[in-house]
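Asker: Structure for the following, please:
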Amino acid sequence: MTISTDIFRQSMALFPGAVTLITTGSGDGRRGITATAVCSVTDTPPSLLVCVNRKTETCAEITRLGKFSVQLLGGDSDEIAMAFAGARGHKGPEKFGVGDWEESDHGVPRLQDALVSLCCTVTSHSDAGSHRVFIGRIEDSTFAEGDALVYAQSRFHRLQMAV
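Answerer: Below you'll find the model as predicted:
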C-alpha cells in the first residue's frame, strides 16, 4: 500500500530543511529555484546532490550546461526565498533582480550574501518520479557567519545556534 500524495506532503512538511537556492546559467539564461532537497554525498571528492522538478527551466538548464550552484540562505532571506519559489510573479531571470548576484569563476550565479555558496559540476543524474537528482562535484565554495533560514511546518524559521 502506498500513501496518498496529501499524506506524503503533510509528513514531509514536518521535516525541517535548510532553505537554499539552486541556480545555473548566465545573462538572460539564468535560472533558479528555492529548494530544501539538497544533501551532502561524500567528501572525497566533495560532492552533493540536489533534486529539481523536471518541469522547471532550471532543470533543463542544469542538464544542458552540466553545472549549478547552491546558495544556503541566511535567516533574513524570506523575500529572496519566495521570489525563487515563484511567488510575487517572479519568473526566469527576473528572479535575479532580488538579492546581490555575481557570476562565479565557475560561470554560475552566486548570491553574495549567502551563508554558503557552492559551485558544482554535474557528475551524474537520474530521474526519480517528477524530479531529476543531480550529483555535483563541488568546484568552489564561499561561506560566511550567520543563522540559516529553515523551512518546517510550512513556514520559514530562523535557525539560531545554541551555545
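Asker: can you pull out the helices in the protein?
Answerer: Along the chain, the stretches classed as helices by DSSP state H are 5-13, 57-65, 78-84.
Asker: buried residues in the second one?
Answerer: So that's helix 57-65. With burial defined by 16 or more other CB atoms under 10 Å, the residues of helix 57-65 counted as buried are Glu57, Thr58, Cys59, Ala60, Glu61, Ile62, Thr63, Leu65. Placement of C-beta: from N, CA and C, glycine included.
Asker: Run through the protein and note the low-pLDDT ranges.
Answerer: Where the chain drops to pLDDT under 70, the residues are 88, 160-163.
Asker: any chance you could map the strands in it?
Answerer: For the chain, the strands defined by DSSP state E occupy 17-18, 20-24, 31-35, 38-43, 46-53, 67-72, 101-103, 109-111, 116-128, 131-143, 149-152, 155-158.
Asker: Out of those, which is the most enclosed?
Answerer: For these, the largest average neighbour count (mean count of other CB atoms under 10 Å) is found in strand 20-24, namely a mean of 28.
Asker: ok and that strand relative to strand 116-128, angle-wise?
Answerer: Here strand 20-24 points in a direction 80 degrees away from that of strand 116-128 (axes from the mean of the first three to the mean of the last three CA atoms, to 10 degrees).
Asker: Pull out the CA atoms of strand 20-24 and give them to me as PDB.
Answerer: The C-alpha coordinates for strand 20-24 follow below in PDB (Å, rounded to 0.1, in the frame of the first residue of the first chain):
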ATOM      1  CA  THR A  20      18.600  27.000  -0.500                       C
ATOM      2  CA  LEU A  21      18.600  28.400  -4.000                       C
ATOM      3  CA  ILE A  22      19.700  26.200  -6.800                       C
ATOM      4  CA  THR A  23      20.900  28.400  -9.700                       C
ATOM      5  CA  THR A  24      22.500  28.000 -13.100                       C
END
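Asker: Which residues does it contact?
Answerer: 30-36, 38, 50, 52, 58, 61-62, 65, 67-73, 80-81, 84, 108-109, 111, 114 (CB atoms under 8 Å, 6 or more residues apart in numbering).
Asker: What pairs with it, parallel or antiparallel?
Answerer: Using DSSP bridges, the strands paired with strand 20-24 in its sheet are strand 31-35 (antiparallel), strand 67-72 (antiparallel).
Asker: so how far is the last one off the chain centroid?
Answerer: Translated: strand 67-72. 6 Å (CA atoms, centre = their mean, to the nearest Å).
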